[in-house]
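Colleague: sharing a sequence plus its predicted fold:
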Amino acid sequence: MLPRVSIALLLFSLPIAAHAASCSDTGGQYETWKAEMAAEARAEGVGKRGIDALMATSYSKATIGADRNQKSFKYTLDKFMTVRGADTIVKQGRSRKAKNPDFYARLEAAYGVPAGVLIAIHGMETGFGSFMGDTNVVSAIATLTYDCRRSDFFRPHLIGALKMVDKGMISPDTVGAKHGELGHTQFLPGNAYVYGVDGNGDGVIDLYNQADALATTANYLRKKGWTPGKGYQEGEPNFAVIREWNAAKVYQQAIAIMGARIDG
């Protein structure tokens with residue numbers, strides 16, 4: 001996912017420092033930028049492990065290519081749902097809910113988010129965990145922070161990724177999607193760091209664990225304003241919260257429709 005975090009600088013309880021590291025549209029100055037960014041990250045509380053992870057990154061051409069070529073969100077709703085396999089997600093989603101009803105009931109009791117929404121997001125993002133990415137997370141987020149196109153948006157997620165490395169939530173080698181999204185429901189690192197929940201009670205927040213990822217997804221939606229018991233179709237109160245998950249209207253509509261079909 002590429003969540004809409006319009007208040008990105010509020011993700012962390014950090015002082016807002018002047019950004020000295022210079023962005024660029026090509027990879028030529030990446031090594032110089034890393035040193036500048038490391039100094040800023042250190043000033044914002046990133047520890048040695050996080051700094052080492054940043055310095056070990058490489059400029060990701062695959063990430064830049066993906067960022068310049070996001071076509072699916074321009075489809076019509078019908079085309080989008082066909083391309084993304086909505087019927088298959090709904091069919092598999094109903095089966096998953098039926099096999100583990102207590103788990104989804106506990107999540108709804110704790111956060112107020114119906115199973116259908118969580119399952120639809122899980123299916124849409126990674127095919128229920130079947131593919132969670134092939135790109136180094138820290139390199140991807142660092143590259144997008146270095147790139148001038150949306151540097152300010154991605155910068156808090158880079159700080160989040162480095163702090164996750166510090167805390168052992170991810171490693172410098174963790175892989176995710178091309179934009180650095182990670183885990184079963186493809187959280188950007190800043191969101192994973194702030195909203196992460198230990199869903200299986202093992203004392204570790206691991207977004208590559210399904211229980212943790214779905215609990216974190218439910219927690220994120222609740223913290224973004226989900227109202228328990230209210231509807232989530234377009235025009236209903238909780239549809240606005242789905243917008244907080246993804247800025248693309250066609251994505252929001254698809255999640256709402258699939259969620260309702262899964263919940264039946």
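Modeller: Good, I have the coordinates.
Colleague: from here on, just use CA atoms for contacts and neighbour counts.
Modeller: Will do.
Colleague: pLDDT-wise, which helix or strand of the chain ranks last?
Modeller: The helix or strand with the lowest mean pLDDT-type score in the chain, counting by mean pLDDT, DSSP states H and E, is helix 61-67 (a mean of 91).
Colleague: output that one as PDB, nothing but the C-alphas.
Modeller: Provided in PDB are the C-alpha atoms of helix 61-67 (Å, rounded to 0.1, in the frame of the first residue of the first chain):
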ATOM      1  CA  LYS A  61      16.500   2.100  -9.700                       C
ATOM      2  CA  ALA A  62      13.600  -0.500  -9.400                       C
ATOM      3  CA  THR A  63      11.900   1.800  -6.900                       C
ATOM      4  CA  ILE A  64      12.300   4.900  -9.000                       C
ATOM      5  CA  GLY A  65      10.900   3.000 -12.000                       C
ATOM      6  CA  ALA A  66       7.900   1.900 -10.000                       C
ATOM      7  CA  ASP A  67       7.300   5.300  -8.700                       C
END
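Colleague: can you pull the buried residues of it?
Modeller: 63-64 (16 or more other Cα atoms under 10 Å).
Colleague: counting contacts, what elements does that helix pack onto?
Modeller: Packed against helix 61-67, as judged by 3 or more Cα pairs under 8 Å, 6 or more residues apart in numbering; DSSP states H and E, are the following elements: helix 137-146.
Colleague: state the mean pLDDT of the very next helix or strand once past the helix it packs on.
Modeller: Going down the chain from helix 137-146, the next helix or strand is helix 151-167, by DSSP states H and E. The predicted model gives helix 151-167 an average pLDDT of 97.
Colleague: remind me what helix 151-167 packs against, helices and strands.
Modeller: Using 3+ Cα pairs under 8 Å, 6+ apart, helix 151-167 sits against helix 48-55, helix 137-146, helix 189-195.
Colleague: and the helices in the stretch 151-264 of the chain, which stretches?
Modeller: In the stretch 151-264 of the chain, helices defined by DSSP state H, counting those that start in this stretch lie at 151-167, 189-195, 210-223, 239-245, 249-263, listed in chain order.
Colleague: burial count for residue 130?
Modeller: Using other Cα atoms under 10 Å, the number of residues around residue 130 comes to 10.
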